[in-house]
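Trainee: pasting the structure only:
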Ligand SMILES: Nc1nc2c(ncn2[C@@H]2O[C@H](COP(=O)(O)OP(=O)(O)OP(=O)(O)O)[C@@H](O)[C@H]2O)c(=O)[nH]1
């Protein structure tokens, strides 16, 4: 080797040290996808020494790398000299590396952002490309956590904690929407209100906890009885409202009776007691004379009141 090339090699050595010490993966490959360079980061996370990777096809050493996808991504980098990017939200990783923070991390693999860019020769040809791998596990898990918490918050704002049915506010929003639709398209739609009979007695006899169990049992009855397209909500303490789209009063009579019978059959176990309960139901079909959603709901509430007046454990359906 000439003195000048030895000198050039010696001068380049610090560059190898630099590439070895940075916390980014660097892989240089040629057009055959043969690996030409593999830095310390890649060695540390893959457990493979440069001697077992350099000179080999990337796809032979890492069969899990999606060949079709990488070829498609790399082609324009070689041919058009345009860099390519991969972010973890599209594809969590290119190389499946385990994370090195098993205690603090809830992921067992490393999320990666990847940049692929062209490397020109002195003659300005693109014979090699560089793949840079960034460990973005903390950032990704932070974002995933925020999204999960947002999802939980959104659910909490819609769902009643005791019964897992819609809460009053969300049910009313749904009801308002359905009211507008029914008014605009003159749809057949019915709202139903139901209430546990003499519920105060349950609380007074067996305690508040037992009362809560009865409320939950009724919520289960409702869930098991209504259709997926119906919307049920807990309207008040022991009062529930159900919206039944595309359902006329006659069909609602059948639903109300099923609910009433199922509640009558349901027995709630609390400590040594078996608690029976019944419900009263009131329903009103949407009518064009209902000027507001509230007027429609009050119509159903009057039917419920009528059911209570008539002796409870029964349904009253308003048809006009
Ligand atoms: N356990 C429990 N009780 C509740 C809850 N919300 C309201 N209540 C109770 O429900 C009872 C409702 O009583 P009332 O409105 O007098 O009605 P009722 O005893 O069911 O009588 P009728 O509706 O006329 O058959 C009250 O005692 C409230 O304290 C709740 O979340 N859990």
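Mentor: Great, that's in hand. Everything numeric here is computed off the predicted structure, so don't read it as measured data.
Trainee: for residue 195, give its distance to residue 164.
Mentor: 19 Å (C-beta to C-beta, to the nearest Å). Just so you know, the C-beta spots here come from the backbone N, C-alpha and C atoms, and that holds for glycine as well.
Trainee: okay, these two: which has more neighbours?
Mentor: Neighbours per residue, other C-beta atoms under 10 Å: of residue 195 and residue 164, the larger number sits with residue 195, 22 against 13.
Trainee: in which helix or strand does that one reside?
Mentor: In this structure, residue 195 sits in strand 189-196 according to DSSP states H and E.
Trainee: now do residue 295
Mentor: Under the criterion of DSSP H and E, residue 295 resides in helix 293-309.
Trainee: mean confidence score for that helix?
Mentor: Confidence over helix 293-309 (mean pLDDT, whole number) is 96.
Trainee: can you check stretch 264-271 too?
Mentor: On average, stretch 264-271 scores 95.
Trainee: quote the end-to-end distance of it.
Mentor: Terminal residues of stretch 264-271 are spaced 20 Å apart (C-alpha to C-alpha, to the nearest Å).
Trainee: for burial, what's the neighbour tally of the residue in the stretch 1-150 of the chain that the ligand sits nearest to?
Mentor: Of all residues in the stretch 1-150 of the chain, residue 149 sits closest to the ligand, at 26.6 Å by C-beta to the nearest ligand atom. A count of nearby residues for residue 149, using other C-beta under 10 Å, gives 10.
Trainee: which phi and psi does it have?
Mentor: phi -60, psi -40 (degrees, to the nearest 10).
Trainee: one more: the one 5 residues further on?
Mentor: When read as degrees, to the nearest 10, the backbone of residue 154 gives phi -60, psi -40.
Trainee: residue boundaries of the helices in this structure?
Mentor: Under the criterion DSSP state H, the chain contains helices at 3-21, 40-46, 50-53, 58-61, 67-80, 137-158, 168-185, 199-206, 208-225, 249-265, 293-309.
Trainee: having no further points to raise, I will conclude here.
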